[in-house]
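Undergrad: Attaching a predicted model along with its sequence, questions to come.
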Amino acid sequence: MIIAVDFDGTIVENRYPGIGKEIPFAIETIKLIQSELKHRVILWTVREGAELETAVEFCKSKGLIFYAVNKNHPEPTSVNEPRKILADIFIDDRNFGGLPDWGCIYNSLKINRYGNEYSNETFSQVDSFKSRKNIFQFLFN
């Protein structure tokens, strides 16, 4: 799968345009998603220019290298190519219901690594998610 991951508020605390503290387990989990689950991860962020380079360098300093940054492929793109990312899953703190903890995200992806549909059953199998009180429990129970 191709997974697009936001930076501010998802990998690090939102301190835009600065770099916030790393959200616990975010970078290690993304590295596991790449290495163990074999998914391609794209950094998908509003950042551009020097602010984008700072974010990419922050991740590199932690050993996190993305398949691509703000585009679908690592190769150069044409000038008029839109910035819309074509991904199977988007991980963002602005998701409906907010950002689940990174353990929940990893376990959900691991459960579904064979291409099964994501559903409320997926998340009910993840213990850390069952204990959270959020909009998903309201919607799926």
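TA: In hand now; what should we look at?
Undergrad: how close does Phe96 sit to Ser108?
TA: Relative to Ser108, Phe96 is positioned 15 Å away (Cβ to Cβ, to the nearest Å). (Glycine included, C-beta is placed from N, CA and C.)
Undergrad: ok, now Leu37?
TA: Per Cβ to Cβ, Leu37 is found 11 Å from Ser108.
Undergrad: higher neighbour count, those two?
TA: Each of Leu37 and Ser108 has its neighbours counted (other Cβ atoms under 10 Å); Ser108 has more, 18 against 15.
Undergrad: And whichever helix or strand the more buried one is part of, what's buried?
TA: Assigned by DSSP states H and E, Ser108 belongs to helix 102-111. Residues of helix 102-111 classed as buried: Trp102, Cys104, Ile105, Tyr106, Asn107, Ser108, Leu109 (neighbour count, 16 or more other Cβ atoms under 10 Å).
Undergrad: and the closest residue in space to the fourth one that isn't next to it in sequence, which of the three is it?
TA: Meaning Tyr106. Nearest residue to Tyr106, sequence neighbours excluded (Cβ to Cβ, 6 or more residues apart in numbering): Thr29, at 4.9 Å. Secondary structure, DSSP: H, G, I helix; E, B strand; the rest coil: Thr29 is helix.
Undergrad: same deal with Val41?
TA: strand.
Undergrad: Can you get me a residue count around Phe96?
TA: Neighbours of Phe96 under the rule other Cβ under 10 Å: 7.
Undergrad: Poorly predicted segments of this protein, please.
TA: Across the chain, the ranges flagged by pLDDT under 70 are 77-78, 112-141.
Undergrad: What are the boundaries of the strands in it?
TA: 2-5, 40-43, 68-69, 89-91 (DSSP state E).
Undergrad: In a markdown table: those, plus distance to Pro24.
TA: Formatted as a markdown table, the strands of the chain follow (distance: least, Cβ to Cβ, whole Å):
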| stretch | distance to Pro24 |
| --- | --- |
| strand 2-5 | 15 |
| strand 40-43 | 18 |
| strand 68-69 | 23 |
| strand 89-91 | 15 |
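Undergrad: Tell me which of those sits nearest to Asn80.
TA: Among the strands of the chain, strand 68-69 comes nearest to Asn80, with 17.8 Å by Cβ to Cβ.
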